[in-house]
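Participant: Just need the structure, nothing else, for what follows:
(chains A and B)
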Protein chains: 2
Amino acid sequence: MTQTTQPGDFTSELQSAVYAKLHLAKAAATQLGLLSTEVKNTALLKIADALWESRDEILAANQEDVQAARADGQPETRIDRLLLTEQRIRGMMDGLAQVAALPDPIGTVLDSIHRPNGLRIEKVRVPMGVIAMVYESRPNVTVDAASLAFKTGNAAVLRGGREALQSNAALVGAIRTGLAAAGVTPDAVQFIDRVERESVDILIRAKGMVDLAIPRGGAGLISLVTQRALVPVIETGVGNCHVYVDAEANLDKAEAIAVNAKVQRPSVCNAAETLLVHQQVALDFLPRVARAMAAQGVQLRGCERTLAALKGQSGIGDVIPASQEDWETEYNALILAVRVVDSLEEAMTHIGQFGTQHSEAIVTEDVRAARKFLEGVDAAAVYHNASTRFTDGFEFGFGAEIGISTQKLHARGPMGLNELTSYKYMVYGNGQVRG
Amino acid sequence: MTQTTQPGDFTSELQSAVYAKLHLAKAAATQLGLLSTEVKNTALLKIADALWESRDEILAANQEDVQAARADGQPETRIDRLLLTEQRIRGMMDGLAQVAALPDPIGTVLDSIHRPNGLRIEKVRVPMGVIAMVYESRPNVTVDAASLAFKTGNAAVLRGGREALQSNAALVGAIRTGLAAAGVTPDAVQFIDRVERESVDILIRAKGMVDLAIPRGGAGLISLVTQRALVPVIETGVGNCHVYVDAEANLDKAEAIAVNAKVQRPSVCNAAETLLVHQQVALDFLPRVARAMAAQGVQLRGCERTLAALKGQSGIGDVIPASQEDWETEYNALILAVRVVDSLEEAMTHIGQFGTQHSEAIVTEDVRAARKFLEGVDAAAVYHNASTRFTDGFEFGFGAEIGISTQKLHARGPMGLNELTSYKYMVYGNGQVRG
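Facilitator: Numbers count the residues shown, from 1 in each chain, chains lettered A, B, ... in the order given. Sure thing, here's the model as predicted:
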């Protein structure tokens, strides 16, 4: 309310603003866990209606963001991520209908224990409570995150990117209208409209007010959140994934899988960054895969043996020598590092050293080699004769995805509705005391 | 190796020492996940043998710690926590045999998904990897933590309290002897023998080398670890638990449960700290429970209505007026705060405000009130007509306990073997690529 703000005041004023929303979220969370599935599903469909009814305001707000980004000289790829259209709003509405159609995990009895002293213990799935989402430019994350958190009885606190501020504010307005139309407290979804960097910090350090923080975005954001957070965090997103072509590989499958893993959508975390090839098949396989990659515009960076195998081959473009840095890099681009290995074991050692425990594939017809790879490689998803690109909540059949966890605590790999829940033990007695 | 140490060198020398052990643990972890249940169980029994064979060295080392603690003027309760005897070593050996007898969770298929494109996805339980335990004076935690981590295929890195250094070193020596006797790498269990405070810090900030850190001890340790950690943490231990005696309570059950929850072991986290009593039964119940508590040496701190209800009663000792601080305090002692509430809702609001989401009990014969309490109270364990003291891995039938989680991420309440595991997705294809 004051017109002049001192540096110290500023932080505490910002903290008060963020805490005020967290308090509302926490109060809402106590009710959300008790909502019936029917009410929640109705609300999700009302949100879809509200998005459509507010489409003019949403698109106008989005145009402000887009024009600001253009004026700021942002590249077109980034502007495309930011852009909303009627069609994209339709996409969000379809997403809401899909989430409404999914089974409600809340209240599921996960385990039932009868003790000799007569106690009956039920392990029941419950919401996390308050989930903070910290994300970057895509406004569709606003609707995705709010709907998945709401379906699982959680309050959502959304802190999107600065560049999408007007779009997100308009989307959250529609979401809250939809909630209210279903008789649900709009406080279930809180929007942090303060885009100062410190607002992220305040959110992820609000111990006791946030039960889970999920960062979604680039490596910088993920690293900031895990470095600074005091609340529980699920890390998402970093993927240095490998395709290993074994001595016993079917080379047709190997080529199709390697090309798909690299080029089908190179900017995402489950795309492959390094191809490992057993030396027994290197001379047969490398020229053909190099040609297939070149045809898709992929630049190769090879180890010495790769360079030797490809020397003098036509139609493969220039192959650059790979450095140590290449094995460590998640290119997220049409670049592929290639290394010839002496054995399955050497491939597994390479993956253990440079992989990020995301998605790893072996191509082989040797079932024992596949088994060794799948059991021995430490990653969220390990593939036998399939592309790493399948690590995805929809491809796994979850019907939803809030992100892909790269940690082992709580959730690993694609996170759907179940991964946004916790559990409690409900214990039924008739006067039992401990002896 | 240098004789003189500069301040900066010191930290990096300490870091090198800790990292060296983490590297050994990480290398061991890649093998441990693949061990058969039989080999693991044999090793657990060999550890028990080794403890018995080394009992003289262990007890001698323990005497050094005990004498140092006595010389340091430590209270007898603390010395008792530290003390080892032949009988306590037998207790550890029994614990090892129990862990060996438990089912092995590793390799369990948690879910099996068949996708329309022919992919078969199996969600399989796997170890966490490297688990760091940071704990205080009880040396038995060394054997407990090592055995539970090992049974679940994890490498354990143990950082016990300074005062138990010699005892822990001797115990770890025996553990490693037992592992080696079973043909298992002794690197599975690493002991951080550097008791500088900074060694905890290095451990909990070793991102990429530690998959999970579990602090066990007082509030100061827990707070330090959650404040400073960069690796995933499970918080344990803080419990401000309540017993609520409803208008429809059976007062015999209520008295037995309240007394048991307070006095059966007041120093632990699942003991009750506050008694909430519905005003309809306050005049009947408060005098009798006050006498029963006084007979057990419990000091009461009451709200105004409690003081009024107890005024002039004999055999209840002095009842001190309760302050706001009393509602917030985990006494861990024979002190009980008492408050009269107007309704079930007021009791639930009090618990929501002051509870630590650990263990909460309602005593009532009204099934609807019980249901409302169990569903509405946000805690790891919620009890109907039973003592809060049952929140315990053994009492829940897990056969083991590594601690009691007070967070909602990954594990909540008593943690047994399953809670020390993660999962991976094993995906079987025949050449599938993503379209």
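Participant: Could you use CA atoms for every contact and neighbour count after this?
Facilitator: OK.
Participant: so what strands line up beside the longest strand belonging to chain A?
Facilitator: Longest strand in chain A, counting residues (DSSP state E): strand A:421-432. Strand A:421-432 has the following strand partners under DSSP bridges: strand A:120-127 (antiparallel), strand B:381-386 (parallel).
Participant: Now render those strands as a markdown table, adding mean neighbour count, distance to B:Glu273 and mean pLDDT.
Facilitator: Shown next, in a markdown table, are the strands paired with strand A:421-432 (neighbours: other CA atoms under 10 Å in any protein chain shown; distance: least, CA to CA, whole Å; pLDDT from 0 to 100):
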| stretch | mean neighbour count | distance to B:Glu273 | mean pLDDT |
| --- | --- | --- | --- |
| strand A:120-127 | 22 | 23 | 98 |
| strand B:381-386 | 28 | 15 | 98 |
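Participant: Where does whichever residue of the stretch 301-435 of chain A sits closest to chain B sit, in terms of helix or strand?
Facilitator: Closest to chain B within the stretch 301-435 of chain A is A:His410: 3.7 Å, counting by CA to the nearest CA. For A:His410, there is no enclosing helix or strand under DSSP states H and E.
Participant: sorry, back to before: other residues contacting the longest strand of chain A?
Facilitator: Contacts with strand A:421-432, where a contact means CA atoms under 8 Å, 6 or more residues apart in numbering or on different chains, come from A:105-106, A:117-128, A:152, B:253-254, B:256-257, B:374, B:379-387, B:408-413.
Participant: Could you do stretch A:363-374 as well?
Facilitator: In contact with stretch A:363-374 (CA under 8 Å, 6+ apart) are residues A:243-250, A:253-254, A:344, A:348, A:362, A:382-386, B:426.
Participant: and it, how far from the chain's centre?
Facilitator: Remark: stretch A:363-374 is offset 28 Å from the chain centroid, using CA atoms, centre = their mean, to the nearest Å.
Participant: Over to stretch A:114-129?
Facilitator: 31 Å.
Participant: Repeat that for stretch A:132-149.
Facilitator: Centre-to-centre, stretch A:132-149 and its host chain are 11 Å apart (CA atoms, centre = their mean).
Participant: can you tell if the longest helix along chain A touches chain B?
Facilitator: Ranked by residue count, the top helix of chain A under DSSP state H comes out as helix A:7-32. Yes: Helix A:7-32 lies within reach of chain B by CA under 8 Å from any CA of the partner chain, at A:Thr30.
Participant: picking up where we left off before, gap between the residue of the stretch 301-435 of chain A closest to chain B and A:Ala174?
Facilitator: Counting by CA to CA, to the nearest Å, the separation of A:His410 from A:Ala174 is 32 Å.
Participant: Of those two, which one has the most company?
Facilitator: A:Ala174 (25 against 21; other CA atoms under 10 Å in any protein chain shown).
Participant: which helices and strands does the helix or strand where that one lies pack with?
Facilitator: Per DSSP H and E, A:Ala174 falls inside helix A:165-181. Helices and strands touching helix A:165-181, by 3 or more CA pairs under 8 Å, 6 or more residues apart in numbering or on different chains; DSSP states H and E, are helix A:37-53, helix A:55-71, helix A:140-151, strand A:189-191.
Participant: Tabulate these (JSON lines), appending mean neighbour count and distance to chain B.
Facilitator: Output for the helices and strands packed on helix A:165-181, formatted as JSON lines (neighbours: other CA atoms under 10 Å in any protein chain shown; distance: least, CA to the nearest CA, whole Å):
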{"stretch": "helix A:37-53", "mean neighbour count": "21", "distance to chain B": "15"}
{"stretch": "helix A:55-71", "mean neighbour count": "18", "distance to chain B": "30"}
{"stretch": "helix A:140-151", "mean neighbour count": "24", "distance to chain B": "15"}
{"stretch": "strand A:189-191", "mean neighbour count": "25", "distance to chain B": "20"}
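Participant: what's next to the helix holding A:Ala174, contact-wise?
Facilitator: For helix A:165-181, using CA under 8 Å, 6+ apart, the contacting residues are A:43-51, A:54, A:57-59, A:61-62, A:64-65, A:139, A:142-143, A:160, A:185-187, A:189-191, A:193, A:195.
Participant: Who does the closest residue to A:Asp326 other than its chain neighbours form a beta bridge with?
Facilitator: Taking CA to CA, 6 or more residues apart in numbering or on different chains, and ignoring the residues beside it in sequence, A:Asp326 has A:Ala337 as its nearest neighbour in space, at 6.3 Å. When assigned by DSSP bridges, A:Ala337 has beta-bridge partners A:Thr274, A:Arg301.
Participant: Run through the residues that contact A:Asp356.
Facilitator: For residue A:356 the amino acid is Thr, not Asp. A:238-241, A:379, A:406.
Participant: Near chain B, list only the ones from these.
Facilitator: Within these, those near chain B by CA under 8 Å from any CA are A:Ala379.
Participant: quick one: which of the contacts of A:Thr356 is nearest A:Ala229?
Facilitator: A:Thr406 (16.6 Å; CA to CA).
Participant: Not counting its neighbours along the chain, what's nearest that closest one?
Facilitator: A:Thr236 (5.3 Å).
Participant: Then A:Glu328?
Facilitator: Distance criterion CA to CA, 6+ apart; nearest residue to A:Glu328, sequence neighbours excluded, is A:Phe354 at 5.6 Å.
Participant: Compute the distance between A:Val99 and A:Leu45, please.
Facilitator: A:Val99 is 9 Å from A:Leu45, where distance means CA to CA.
Participant: ah, wrong one, I meant A:His358
Facilitator: From A:His358 to A:Leu45 the distance is 34 Å (CA to CA).
Participant: Kindly report the same for A:His278.
Facilitator: In terms of CA to CA, A:His278 sits 52 Å off from A:Leu45.
Participant: swap in A:Ala370?
Facilitator: Applying CA to CA, the value for A:Ala370 to A:Leu45 is 45 Å.
Participant: Now A:Trp327. Its backbone dihedrals?
Facilitator: A:Trp327 adopts backbone torsions of phi -70, psi -20, taken as degrees, to the nearest 10.
Participant: Neighbours of whatever residue of the stretch 1-150 of chain A ends up closest to chain B, how many?
Facilitator: Minimum separation of the stretch 1-150 of chain A from chain B (CA to the nearest CA) falls at A:Met128, amounting to 6.3 Å. Using other CA under 10 Å, the number of residues around A:Met128 comes to 25.
Participant: Before I go, just wanted to say thanks for your time.
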